[in-house]
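Trainee: I would like the atomic coordinates for the input below:
(one chain, ligands or ions: 1)
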Amino acid sequence: MEGIILEWGGMLLRWVHIITAIAWIGSSFYFMHIDAALKPLPRVRNAADGELWEVHGGGFYHVQKYLVAPEQLPKELIWHKWESYSSWITGFFLLIWVYYVSAEVYLIDPAVQKISVGLAAFIGIASLALGWLVYNALCNSPLAKNDVTLAATGFAFIMFMAWFFQQVFSARGAFIHTGALMATMMTGNVALVIIPNQSKVIDALMRGEAPDPKYGKIGKQRSTHNNYLTLPVIFLMISNHYPLSYSSPYAFIVVGLVLVSGALIRHFYNERHAGRGDHWWCWPVAMIAMLLAIYISMPQAAAGRAFLGLGDMPEVKPVAGLPKAPAEVADIVTGRCSMCHAREPVWQGIHTAPKGVLLDSPEMIERWRHEIIVHAGLTRAMPPNNLTEITGDERRILRNWGSSASGQKQSQLNP
Ligand code: HEC
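Mentor: Below is the predicted model:
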């Protein structure tokens, strides 16, 4: 039952998270585009500062922007903030659901640090908060006078955090926390800077005063940061499905390269939409950064090692004292799954353990208990097309390993 709840809960949370993130990124890209495409209007009192025309959905739109605000507060005002808040909230619950509830599989790698689930979750959540505080302090410091200095410092900070996460979490957990850290900066910008500043502008209007233009400037700066962070964050969020992207010892450098390439691609479009020309150089540079990232990941795959002339994969020392799967289960999984789910798979066409699911020792099999039960016991998802001809009896044994508490006890007793 637990397996079914975990699986469905994860799926539903991810569904909502992706929907809200699409809404947020969509509106954020749209407003960046509008800002870039605005045609300035002549300075006339009480009039808008820029405008643009768009055609969509069977009609024409005439958008005008007031910098900082119109003279009078409009009666009805549409806010754009819940796209951001709901993306963060659903993402946070998804992080808890996948990485803290199933921490043994996804977050804690005893070969990196043998920490408790509580400590791992504490480090994860505290880092998100700390990340926001540091980033916000950087933006409020004299460094922020120069956009390039600020960007370089922010970049170094994110790479440092990616490196730090690698020292405490599993490779996959480290990447997702780096993504979550950046996403927290983005939502923090909306919730703690942009929206409160907008409220100050509105308060000034209500008092009949002219609002301070600095609020508009700060808001624009923070939403530009968000724009440049978007593509790298999406990469980090989907990386967990692609083990090669995160499993290198230099994964924090991969984070840096992805930041560079994602930001450059945004830069190309931001400049183009603003009519400042097509900076085509962005594309080859972004591509080189991605090729470097691929190169860095290669020693993690048997095929990559062969290509680089590095020989066999180095042995990984088993960590002593971990619970093991019962012998009966381990035999089935070794016989039916390990040809693909190994560090050096022997199945033709499979070059790394699919999805990072390594099933090559009783300890690893025990760690992946829930997933094995869901994919091979409760459903027939694995092996693909039953390639290794697992029998109904064997599936029943995998299922029972899940339902009987004795399965786990036995696994801890039988070395
Ligand atoms: C012929 C190779 C092969 C065999 C044998 C095989 N798998 Fe897989 N497995 C794959 C591939 C390929 C994927 C990735 C599927 C995808 O991309 O959705 C995968 C994915 C998985 C996943 C991750 C699913 C996810 O989406 O996160 C689990 C868990 C898994 N396999 C368990 C098993 C178990 C248990 C067995 C043995 C009963 C097994 N596999 C046998 C090839 C294999």
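
Trainee: any idea of the pLDDT on Leu38?
Mentor: Leu38 is assigned 90 on the pLDDT scale.

Trainee: what's the burial count for it?
Mentor: For Leu38, the tally of surrounding residues (other CB atoms under 10 Å) stands at 18. In this view, the C-beta of every residue, glycine as well, is placed from N, C-alpha and C.

Trainee: and it, what is it in contact with?
Mentor: 49-52, 63, 65 (CB atoms under 8 Å, 6 or more residues apart in numbering).

Trainee: report the lowest-confidence entry in the residues you listed.
Mentor: Taking the contacts of Leu38 together, the minimum pLDDT is found at Asp49 (89).

Trainee: surely it is in contact with Pro70?
Mentor: No: taking CB atoms under 8 Å as the definition, Asp49 is not a contact partner of Pro70, at 10.2 Å.

Trainee: have a look at the two and say which one is more surrounded.
Mentor: Of the pair Asp49 and Pro70, Asp49 is the one with more neighbours under other CB under 10 Å, namely 15 against 12.

Trainee: how about the more buried one, what does it touch?
Mentor: Residues near Asp49 by CB under 8 Å, 6+ apart: 38, 40-41, 43, 65-67.

Trainee: and which of these is nearest to the ligand?
Mentor: Among the contacts of Asp49, Leu38 lies closest to the ligand (CB to the nearest ligand atom), at 43.8 Å.

Trainee: returning to that earlier point: dump the contacts of Asp49 to CSV, plus distance to Ile5 and secondary structure.
Mentor: Listed next are these as CSV, based on distance: CB to CB, whole Å; DSSP: H, G, I helix; E, B strand; the rest coil:
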residue, distance to Ile5, secondary structure
Leu38, 49, coil
Pro40, 56, strand
Leu41, 57, coil
Arg43, 61, coil
Lys65, 48, strand
Tyr66, 50, coil
Leu67, 51, coil
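
Trainee: just the buried ones from these, in PyMOL syntax?
Mentor: This is how PyMOL selects the buried members of the contacts of Asp49, with burial counted by 16 or more other CB atoms under 10 Å:
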select buried, resi 38+65
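
Trainee: which residue packs closest to the residue nearest in space to the middle of the chain, ignoring adjacent ones?
Mentor: Closest to where the C-alpha atoms of the chain average out (CA atoms, centre = their mean) is Met237, at 2.4 Å. Sequence neighbours aside, Gly179 is the residue nearest to Met237 in space, at 5.1 Å (criterion: CB to CB, 6 or more residues apart in numbering).

Trainee: please enumerate the strands of the stretch 1-150 of the chain.
Mentor: Using DSSP state E, counting those that start in this stretch, the strands of the stretch 1-150 of the chain run over 39-40, 50-56, 59-65.

Trainee: what is the burial count for the residue in the stretch 51-200 of the chain that the ligand sits nearest to?
Mentor: Taking CB to the nearest ligand atom, the ligand has its nearest neighbour within the stretch 51-200 of the chain at Val105, 9.5 Å off. Neighbours of Val105 under the rule other CB under 10 Å: 21.

Trainee: any idea how far the ligand is from the closest residue to it other than its chain neighbours?
Mentor: Distance criterion CB to CB, 6+ apart; nearest residue to Val105, sequence neighbours excluded, is Arg367 at 5.5 Å. Per CB to the nearest ligand atom, to the nearest Å, Arg367 is found 11 Å from the ligand.

Trainee: how is this structure divided into domains?
Mentor: As given by automatic domain parsing, the domain ranges for the chain are 2-300, 327-413.
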